[in-house]
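Engineer: Predicted coordinates and the sequence they were generated for:
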Amino acid sequence: MTHDELRQLEGARRRTLWALASLRPGDPTASDLLAILDDLDDQERNGTPRSDKSLELAEVRNSVSVKRHNSGIDIILEQTIPQPWRERFLQASIGSTRVPDGPYATDWDKFVNEWEREMQHVQNHRLARASNS
């Protein structure tokens, strides 16, 4: 998968997750959003190198390097975030404040924690969809 394709895929995923966030599991309007997420998951499975897909969130969290910036805040080194996680973080962080050397480590932690909540919310929607079928 090219960088542009990954950026488009993760941008679509981010917009869909934000739209789904306002819906309660079982809401019939969530069905179209879940179909989009299912399609994006299929595209990722078919287009992402195996080494990138196999990393679980805990492994990704532990692989990212944190560095103390001379301003006194901790930042992360973006190049240490494996794809597709780097692009997911970048899409979720559009508009966030950062220093030229890298994003704030607190923003990375917030992203990882929020990703876990979002994936649980998606799972709750999928379970509600399955029980209504």
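Structural biologist: Perfect, thanks for sending it. What you are looking at is a predicted structure, and each value in this text was computed from that prediction instead of being measured.
Engineer: Not counting sequence-adjacent ones, nearest residue to the residue nearest in space to the middle of the chain?
Structural biologist: The chain has residue 88 as the residue nearest its centroid, 4.0 Å off, counting by CA atoms, centre = their mean. Using CB to CB, 6 or more residues apart in numbering and skipping the chain neighbours, the partner closest in space to residue 88 is residue 10 (5.2 Å). (Each C-beta comes from the backbone N, C-alpha and C, glycine too.)
Engineer: So what's the model's average confidence on the helix or strand containing the one you found?
Structural biologist: Taking DSSP states H and E as the criterion, residue 10 maps to helix 3-21. Mean per-residue pLDDT for helix 3-21: 96.
Engineer: can you list contacts of it?
Structural biologist: For helix 3-21, contacts defined as CB atoms under 8 Å, 6 or more residues apart in numbering pick out 1, 30, 33-34, 36-37, 40, 43-44, 47-48, 83-84, 87-88, 90-92, 118, 121-122, 125.
Engineer: gap between the residue lying farthest from the centre of the chain and residue 100?
Structural biologist: The centre of the chain is farthest from one residue, residue 70, which by CA atoms, centre = their mean lies 28.6 Å away. According to CB to CB, to the nearest Å, residue 70 and residue 100 sit 11 Å apart.
Engineer: Let me see the contact set for the closest residue to residue 71 other than its chain neighbours.
Structural biologist: In space, and not counting its chain neighbours, residue 71 is closest to residue 99: 6.4 Å by CB to CB, 6+ apart. In this structure, residue 99 makes contact with 69, 71, 73, 75, judged by CB under 8 Å, 6+ apart.
Engineer: So for the longest helix along the chain, mean pLDDT?
Structural biologist: In the chain, with assignment by DSSP state H, the single longest helix is helix 105-132. Helix 105-132 carries an average pLDDT of 94.
Engineer: quick revisit: what's the helix or strand just after the helix holding residue 10 in contact with?
Structural biologist: Counting by DSSP H and E, the next helix or strand C-terminal to helix 3-21 is helix 30-47. Outside helix 30-47, the residues within contact range by CB under 8 Å, 6+ apart are 1, 5, 9, 12-13, 16-17, 19-20, 23, 53, 84, 122, 125-126, 128-129.
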